[in-house]
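>>> need coordinates for the following:
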Amino acid sequence: MAIDDSFASRLPGGLFFTSMWGLAMAPINVVVQGVLGKMGQQVLNMTCSEDGLRAVGGVDLNASADSIALPDGSGTIPLSISLDDVIGDADVVVDFTGADGALDAIRAAAPQKVAVVIGSTGSPDST
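A predicted model of the protein is given here:
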């Protein structure tokens, strides 16, 4: 099936990628929680290098600026200590913090109907 250019031109921001089935699809907007950590940096790097993914925000308790440069040099994204500040355009939150951060991500994302991918390890039995 060929890409329908008229459909692709109607996607948000005019951005699209071609799926493995030849269909035009809007990119998945990703917020990385724990973005300043080692794994958060890896997730951000991967998000910038994969077709079909677009970084739209970063969250980290150690954030001291209001934006972070994208590793591919394509610009910056908002950075905050609170997920609530950057979740607005997200389709998914990728969390690489700890048990408490993961629970906070779920609590913030669920009412917004935003998916959550949790990469945290070592959650305590009481959680």
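
>>> help me confirm that Val35 comes into contact with Gly58.
Yes - between Val35 and Gly58 there is a contact at 3.4 Å, judged by C-beta atoms under 8 Å. To be clear about C-beta, it is placed using only N, CA and C from the backbone, and glycine gets the same treatment.

>>> what number of residues lie near Ala55?
As a burial measure, Ala55 scores 27 neighbours (other C-beta atoms under 10 Å).

>>> can you confirm it is in a helix?
No - counting by DSSP: H, G, I helix; E, B strand; the rest coil, Ala55 is not part of a helix but strand.

>>> could you measure from the most centrally placed residue in the chain over to Pro78?
When C-alpha atoms, centre = their mean is applied to the chain, the residue found nearest the centroid is Val30 (1.6 Å). For Val30, the distance to Pro78 equals 13 Å [C-beta to C-beta, to the nearest Å].

>>> spit out the residues that contact those two alike.
Counting by C-beta atoms under 8 Å, 6 or more residues apart in numbering, the contacts common to Val30 and Pro78 are Val56.

>>> shaky segments in this protein?
1-24, 121-127 (pLDDT under 70).

>>> mind redoing it with 50?
Along the chain, segments meeting pLDDT under 50 span 1-14.

>>> and the helices in it?
Counting by DSSP state H, the chain has helices at residues 5-9, 38-49, 99-109.

>>> quick check: phi and psi on the closest residue to Asp60 other than its chain neighbours?
What sits nearest to Asp60 in space, not counting adjacent residues and going by C-beta to C-beta, 6 or more residues apart in numbering, is Leu36, at 4.0 Å. Main-chain dihedrals, Leu36, degrees, to the nearest 10: phi -90, psi -10.
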